[in-house]
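*Asks:* please find the sequence and the predicted model below.
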There are 2 protein chains.
Amino acid sequence: MQGDIPLREPVHSIQPEDEWRVEQGIAGAEFYLLDQTKGPGEQPRIPVSKHPITPPVEAKFDDELAKDEIPGWSGYVEWEDYPGKKKTAHDILMSHEFPPPPEFQLEPIPGTNPVLEGIRWKQWHRAIGGRLKDVPEESWKIVLEEKDPNMLHLLQFPYNGEPPKRLVTAQAITPNPLHFIRNHGGIPVIDPDSWFLRLEGLVREPKKLTLADLQDETRFPRMERLVTIQCSGTRRIEQISLYAGEGDEMINAPWAEGAIGTARYVGISLKKVIKYCGGLIDGAKHLELVGADTYFKMNEVMNYAVSVPYSKVRANEVMLVWEMNGQKLPKIHGAPIRAVVMGYIGARSVKWLYRITAMKEPTRAPVQSREYLYFNQQVGKHNQRWTDGIQIQEMPVSSAIMSPWNKQVVIHEGKISVKGWAYSGGGRWPERVEVSADGGFSWYMVPVENLSPKHKFAWRTWTMEVPCDVEGWIELVVRCWDNSLNTQPTEVRNAWNWGLHVTSSAHRVRIYSVNKSKEVTKARLEEFERRQVSFVPITRPTEFPYMTWKEYDDFFAKAGPRDIEV
Amino acid sequence: MQGDIPLREPVHSIQPEDEWRVEQGIAGAEFYLLDQTKGPGEQPRIPVSKHPITPPVEAKFDDELAKDEIPGWSGYVEWEDYPGKKKTAHDILMSHEFPPPPEFQLEPIPGTNPVLEGIRWKQWHRAIGGRLKDVPEESWKIVLEEKDPNMLHLLQFPYNGEPPKRLVTAQAITPNPLHFIRNHGGIPVIDPDSWFLRLEGLVREPKKLTLADLQDETRFPRMERLVTIQCSGTRRIEQISLYAGEGDEMINAPWAEGAIGTARYVGISLKKVIKYCGGLIDGAKHLELVGADTYFKMNEVMNYAVSVPYSKVRANEVMLVWEMNGQKLPKIHGAPIRAVVMGYIGARSVKWLYRITAMKEPTRAPVQSREYLYFNQQVGKHNQRWTDGIQIQEMPVSSAIMSPWNKQVVIHEGKISVKGWAYSGGGRWPERVEVSADGGFSWYMVPVENLSPKHKFAWRTWTMEVPCDVEGWIELVVRCWDNSLNTQPTEVRNAWNWGLHVTSSAHRVRIYSVNKSKEVTKARLEEFERRQVSFVPITRPTEFPYMTWKEYDDFFAKAGPRDIEV
């Protein structure tokens, strides 16, 4: 925390060392306002960041407010049952000023791992204090225990992480330690024997069920499904690279192509549990799923909640699961029980599930009503309303290239090996994957035998050899057609939106193609090798001659001079 | 200088903290090779940078090699007359290993001013020693004396600098201290009274002429011309941002839109001087222009030289000038005499001119024969030959937007004020300038009265109000039609080339459009103002509600629910 930061000078007195970077749009988030409705002399002075003087957060601790209430439930605070607690927490949050999230869009994305820290979320937990105070550190410890050391940590707290490209499609089923994680709060640790699920609201017979109840096969038949879960932020980095959008480090973390994972889940159908409670009453049409993690939104404190329409449950597409790829559900994935909502965005598959409430309308919990909204391109900070956004439930058809990588120099002999994944939400599946080596002009079909098997709710991985004669910078592009013949728009701008959700445009990878089947290229590569000079970085100037003066003279003798002399 | 840098590990053992940045193409120049003609186990280990152990450069100094020979000529070393000296200098350079230029394309462009230092050029000067040793510092001193403190220094030595956008078109004639500089070596300081020009080669009567000779109006009529000089690297930053190309910090500096300047020059026509020497003989068709600055290329040392066809001279389009905008030609601009080759790239307008040699063919000096070449898109490090490039003499038609800037948030009421320049080389002039606010789909004409006057060899500056209803991120684009009806390609890729020269594509600026004539937007802006919350950075999350729950409910009551329930 620093003290008061003075207002910066307006645009016309930017220091020269900043100016060209600001002009080119590569730095200086604060200087970008140009109010053409005002005269040049009245350009608004732009106050920067309002970094407040935050009094030591410790002063506000209230151990009574947030404590472990139920034996065996650690790091869980019940908020919804206690309006008084919520009010106190709100007052505590209002009495502080918290720092804004770091700028990672108008300024370059940090080159650290974790990429972002989650500074506000940590401070909010500390401000509430009590049991929540230590949750950020406890959760990070679980990350290090349960996740693969190769994970790319997008956000330290609440933990968001994904596997690197080389591991995303290495197997058609994602190993648990490599499965992406997009948490919205800390990780509660709940003893399976103490855990119970509350079924409430508009159900005929509200109930509390233990894990043993759910696992009683005489009541609830066991169910096993291969399911791909995808975060609606997948490939957000492409939208960020084109245009900045909303920049909350937790809500808008710069995901790459790994925020998708496929696992075999074991559990039961939520439909059977609702039936066991006597079914819905009074025209209830939605089920609110509540997790034991604490969520923050605009100075309010709450338990994480979303809802799914009952029609989805009735179709047996909502599972309560305790096993993932043959292993006990990991803590970080929601143990002991999480929801898996097939074909919906990951945000609906609530972890640490402990309460299900039947209701008439979709929940007003912010994750459902005010976040994960898909706006028209012209909706943004200047005009958005929650009702302007399409609620993101099912993900549209999409795909991504996992190799080669952007800017990679690819040496080949006329065919480039490409691999990746393809997926469609809502129970649709990839029927055809196509790759272009000319920026989306011509499309080659991935041979059917190069696609992993079809499943109703899972992705398909694929590999192919794309013919490519062209040298120099080319753009590889992939698109998928699902069984409903949906396909993807070709350009990021087509689907760009303020929340930077659902990057459904065809994935593009720029590579430097070196076609060794060409004589001149082959000879040049051999010369690099003979001279023991590295061919990369390609930007490094070549320090040996490209041709002899005789070749030079012969060329112009034949082709005519460079200048036509009159 | 560090010592031996060990080979880095191959691609599969990149550290996780680097990996995702490498994957996304935002870091890690060395890791990009993927040789698909080799198996996965045989991927080449990529040696990094070969930073050599450079013995202290001081050891090689040879004060006799590079010294001031002619009284009144300081910092000038004659190389072309002394093959022996050139050989010695070559041997000195070969006996060192110099560091490679910094990576500024695959890695982000540094945010410093000077942006790049010119480390190799400084070291080459120091390695040759003698008089050249101090030239980098002497030259920088002249920069600070003669150029405006607002200059953006692209390269400290040899000095390359341009004015910031807000000053590029502030006046239709560029003030001398703000005129861009693209030097290829140090700045020699030559006393006008000691200066002389050598006219040699295939002229009937070789001569040495003093400044007084040239200024003798009885021999050579005075000439005054308004001339725009443009560097072929102008707007290179756009090509770099799309795809990396050759990365020599001196040759390929990351110019923005300010590498163009317009001045009123006074001097004489070179044609008259050639006539005064009795004209050309033996079929000479080209004039080599040689400057007193020292140039380096592939371990060879030379005086800076280019050539122009005599047809250009005969048309009175090559001037020898000593006055710029009513002032004595500044040292940094080539005092006492420089060439001004109208309608050609700046590289031909040799500064510190002291020798003109008539010849049959264009010069083989590297700046003419091996640099400033315009390649086909598929020519690059893997296959280029000097004969593959079009020699860049005249610049094609081009234009640029000087306001607004990239990423600027522009508040307006349906019309956006845009301004900039337009230019065409070879004596063609801008006839029409068009601006698009929809990425190049629809074009509005800049009203004729908003363009500065036409001149045969100068740019036109312009301003206009472009109608824009659309909000959110839009792309402003400008293109120009010259009097020969040439116009510009719309996309950077259309004209991208390995040398990153001649960025002739339509200039694009991405802005965030806020149309205050729209009710919702106006109300939102007022709310920001009322709450005293800054609207920028736009990425900063909005911490107040977007609408009331009543408005929310009313909306869905009218529009139907978010989920269709069966």
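*Replies:* Alright, I've got the coordinates.

*Asks:* would you map the strands across the stretch 1-150 of chain A?
*Replies:* For the stretch 1-150 of chain A, the strands defined by DSSP state E, counting those that start in this stretch occupy A:33-35, A:73-74.

*Asks:* distance of the residue in the stretch 101-250 of chain A that chain B sits nearest to from B:T112?
*Replies:* Across the stretch 101-250 of chain A, the shortest distance to chain B (CB to the nearest CB) belongs to A:G247, at 3.0 Å. Where C-beta positions appear, they are placed from N, C-alpha and C, glycine not excepted. Using CB to CB, to the nearest Å, A:G247 is found at 25 Å from B:T112.

*Asks:* ok, now A:I109?
*Replies:* 20 Å.

*Asks:* these two: who's more crowded?
*Replies:* Neighbour count, other CB atoms under 10 Å in any protein chain shown: between A:I109 and B:T112, A:I109 has more, with 21 against 12.

*Asks:* show me the contacts for the residue nearest to the more buried one when sequence neighbours are not counted.
*Replies:* Distances taken as CB to CB, 6 or more residues apart in numbering or on different chains place A:P254 nearest to A:I109, at 5.4 Å, with adjacent residues excluded. A:P254 sits next to A:F104, A:I109, A:V115, A:L116, A:L154, A:R236, A:I237, A:I240 when contact means CB atoms under 8 Å, 6 or more residues apart in numbering or on different chains.

*Asks:* how close does the closest residue to chain B within the stretch 351-500 of chain A get to A:V446?
*Replies:* Nearest residue of the stretch 351-500 of chain A to chain B: A:N406, at 2.9 Å (CB to the nearest CB). From A:N406 over to A:V446 the distance is 20 Å, taken as CB to CB.

*Asks:* A:K208 now?
*Replies:* Distance, A:K208 to A:V446, using CB to CB: 50 Å.

*Asks:* who in the stretch 101-250 of chain A is up against chain B?
*Replies:* Within the stretch 101-250 of chain A, the positions near chain B by CB under 8 Å from any CB of the partner chain are A:101, A:103, A:105-106, A:108-109, A:111-113, A:115, A:149-152, A:164-166, A:237, A:242-248.

*Asks:* now, those residues that are in helices?
*Replies:* Of these, the ones assigned to helices by DSSP state H are A:K165, A:R166, A:I237, A:L242.

*Asks:* need the max-distance pair from these.
*Replies:* A:R166 and A:L242 (25.0 Å; CB to CB).

*Asks:* quick one: which of the contacts of A:P254 is most hemmed in?
*Replies:* A:L154 (30 neighbours).

*Asks:* so how far is B:A506 from that one?
*Replies:* When A:L154 is compared with B:A506 (using CB to CB), they lie 36 Å apart.

*Asks:* kindly report the same for A:D554.
*Replies:* Distance, A:D554 to B:A506, using CB to CB: 39 Å.

*Asks:* so between those two, which is more surrounded?
*Replies:* B:A506 (28 against 13).

*Asks:* pLDDT added to the contacts of A:P254, as CSV?
*Replies:* Shown next, in CSV, are those (pLDDT from 0 to 100):
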residue, pLDDT
A:F104, 90
A:I109, 84
A:V115, 89
A:L116, 93
A:L154, 92
A:R236, 96
A:I237, 93
A:I240, 94
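
*Asks:* quick check: A:L373 touching A:I390?
*Replies:* Yes. Counting by CB atoms under 8 Å, A:L373 touches A:I390, with 6.8 Å between them.

*Asks:* which stretches in chain A count as helices?
*Replies:* Under DSSP H, chain A gives helices at A:16-23, A:83-94, A:119-128, A:135-146, A:165-168, A:211-214, A:236-242, A:270-276, A:310-314, A:366-369, A:492-495, A:519-530, A:549-559.

*Asks:* sorry, back to before: what about the residue nearest to A:I109, distance to A:I401?
*Replies:* 18 Å.

*Asks:* what of A:F555?
*Replies:* In terms of CB to CB, A:F555 sits 39 Å off from A:I401.

*Asks:* what of A:P175?
*Replies:* Taking CB to CB, one finds A:P175 at 21 Å from A:I401.

*Asks:* try A:S513
*Replies:* 14 Å.

*Asks:* next: A:K272.
*Replies:* Per CB to CB, A:K272 is found 41 Å from A:I401.

*Asks:* comparing the two, which residue is more hemmed in?
*Replies:* A:I401 (24 against 17).

*Asks:* that one reaches A:C480, doesn't it?
*Replies:* No. Using CB under 8 Å, A:I401 is not in contact with A:C480, being 11.5 Å away.

*Asks:* and for the closest residue in space to A:I119 that isn't next to it in sequence, the neighbour number?
*Replies:* With CB to CB, 6+ apart as the criterion, A:I119 has its nearest non-adjacent residue at 6.1 Å, and that residue is A:P99. If you count neighbours by other CB under 10 Å, A:P99 ends up with 15.

*Asks:* same thing with A:W73?
*Replies:* 20.

*Asks:* beta partners of it?
*Replies:* On the basis of DSSP bridges, A:W73 is bridged to A:I190.

*Asks:* dump the residue contacts of A:W255.
*Replies:* A:W255 neighbours (CB under 8 Å, 6+ apart): A:L154, A:N160, A:E162, A:C231, A:G233, A:T234, A:R235, A:R236, A:I237.

*Asks:* recalculate using a threshold of 6 Å.
*Replies:* A:G233, A:T234, A:R236 (CB atoms under 6 Å, 6 or more residues apart in numbering or on different chains).

*Asks:* distance check, it against A:V470.
*Replies:* Counting by CB to CB, the gap from A:W255 to A:V470 is 31 Å.

*Asks:* try A:S484
*Replies:* From A:S484 across to A:V470, the span is 33 Å (CB to CB).

*Asks:* how does chain A divide up, domain by domain?
*Replies:* With automatic domain parsing as the criterion, the domains of chain A are listed as A:1-48, A:396-566.

*Asks:* work out the gap between stretch A:267-285 and the centre of the chain.
*Replies:* 31 Å (CA atoms, centre = their mean, to the nearest Å).

*Asks:* tell me if that stretch is near chain B.
*Replies:* Yes. Shown here: stretch A:267-285 in contact with chain B (CB under 6 Å from any CB of the partner chain) through A:K285.

*Asks:* on that earlier part again, highest mean neighbour count out of the strands of the stretch 1-150 of chain A?
*Replies:* Compared across the strands of the stretch 1-150 of chain A, strand A:33-35 shows the largest average neighbour count, a mean of 21 (mean count of other CB atoms under 10 Å in any protein chain shown).

*Asks:* just checking: what are the partner strands of that strand?
*Replies:* strand B:409-412 (parallel).

*Asks:* show me the contact partners of the partner strand.
*Replies:* Under CB under 6 Å, 6+ apart, the answer for strand B:409-412 is A:32-37, B:404, B:416, B:511-514, B:516, B:536, B:538.

*Asks:* then stretch A:175-184?
*Replies:* Residues contacting stretch A:175-184 (CB under 6 Å, 6+ apart): A:147-148, A:158-163, A:167, A:231, A:258-259, A:261, A:295, A:304, A:324-325, A:330, A:332, A:346.

*Asks:* check stretch A:345-360 too.
*Replies:* A:182, A:188, A:198-203, A:229, A:231-232, A:280, A:283-284, A:286-293, A:306, A:308, A:334, A:337-341, A:372, A:392, A:395.

*Asks:* quick one, which of those residues are buried?
*Replies:* A:182, A:188, A:198-203, A:229, A:231-232, A:280, A:284, A:286-293, A:306, A:308, A:334, A:337-341, A:372, A:392, A:395 (16 or more other CB atoms under 10 Å in any protein chain shown).
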